[in-house]
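Engineer: Return a 3D structure for these sequence lines:
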Amino acid sequence: KQKLFGLVTLNILMQNLFVNDVGDKFPLVMVHGFLGSSIMWEPQIQDLKDNYRIFAPDLPGFGYSNKVEPCNSINSMARSILDMIDQRGIGKFHLLGHSMGGMIVQEMTKLAGNKVEKLICYGTGPRGNMPERFETIDQSRERLKTDGLIDTAHRIAKTWFVKEDKADHFDLCLKAGKLTSLKAADAALEAMKNWSGLENLKNIKNKTLIIWGDKDRAYNRNQVDTLNENIIDSNLIIFEGCSHNVHLENPQKFNKTVSDFLQ
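Structural biologist: Residues are numbered from 1 along each chain as shown. Okay, here's the model as predicted:
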């Protein structure tokens, strides 16, 4: 075994996904977003690990899974995580997804909703081609090609915080972005552009919490309202003065909100 920011992790072979798996209580699966990785959940893992078994994978091509062949669809990303959960013999679990990860958890619920105890859709929406995003998906793909991964990771991560690159924990996001493979970044943008979860919202029967920062530049208010209005058993909590990364801008309140919901 090896150590990563004080958490026990699995020693992963090249073609297997990296996952932070810590704790021994009821499982909580946490799915990161575009240009992210499990390291961006550090404040949550440290705070919640005594009450849950935290299961935080790095998606194919992201983080310490950056040598794994990436996925070019939200469905295949969802299946990769479900397969990994099955391999570890996990039955029911809570499920939290951020940004693109929020799309993935909607898809996971579509595929295996009977295994999901409670669902948290955070900083996300039901449309992959996001209206009023700070730039279109096509523009992001083009700039990724011309600017390269490092500049793209810095530029996009700035939009996730009200204080941009001066924010606390910005370094976690930049580190995660730099670990992403170029192929995975482009494939993820393609996957988001081609995905829609609108038709499935009415089929989500799981008790659901929706979290959104009112300064979010990636997903607008209409996106989260659409989730809340169409998921039968849902509740929307809005964090004022936060952007896309509420869990890093106001981690203490975010963690309490998650704990209160799951308990």
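Engineer: Following the chain past the lowest-mean-pLDDT helix or strand in the chain, name the next helix or strand.
Structural biologist: Here the helix or strand of the chain ranked lowest by mean pLDDT, DSSP states H and E is strand 7-9, holding a mean of 35. Helices and strands here follow DSSP states H and E; after strand 7-9, the next one along the chain is strand 19-22.
Engineer: Would you mind pulling the contact partners of the next helix or strand after that next one?
Structural biologist: Toward the C-terminal end, the helix or strand that comes next after strand 19-22 (DSSP H and E) is strand 27-31. Contact partners of strand 27-31, identified using Cβ atoms under 8 Å, 6 or more residues apart in numbering, comprise 38, 41, 44-45, 48, 52-57, 59, 81, 85, 90, 92-98, 101-102, 104-105, 108, 262. For glycine as for every other residue, the C-beta is placed from the backbone atoms N, C-alpha and C.
Engineer: Now strand 27-31: average pLDDT?
Structural biologist: Taken as a whole, strand 27-31 has a mean pLDDT of 98.
Engineer: What segments of the stretch 101-250 of the chain are strands?
Structural biologist: Applying DSSP state E, counting those that start in this stretch to the stretch 101-250 of the chain gives strands spanning 116-122, 207-213, 234-239.
Engineer: Select only the buried ones of the contacts of strand 27-31 in ChimeraX?
Structural biologist: Once 16 or more other Cβ atoms under 10 Å is used to decide burial, the buried members of the contacts of strand 27-31 can be selected in ChimeraX as follows:
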select :38,41,44,45,48,52,53,54,55,56,57,59,81,85,90,93,94,95,96,97,98,101,102,104,105,108,262
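Engineer: Out of the contacts of strand 27-31, list just those in helices.
Structural biologist: The subset of the contacts of strand 27-31 located in helices under the criterion DSSP state H comprises 44, 45, 48, 81, 85, 101, 102, 104, 105, 108, 262.
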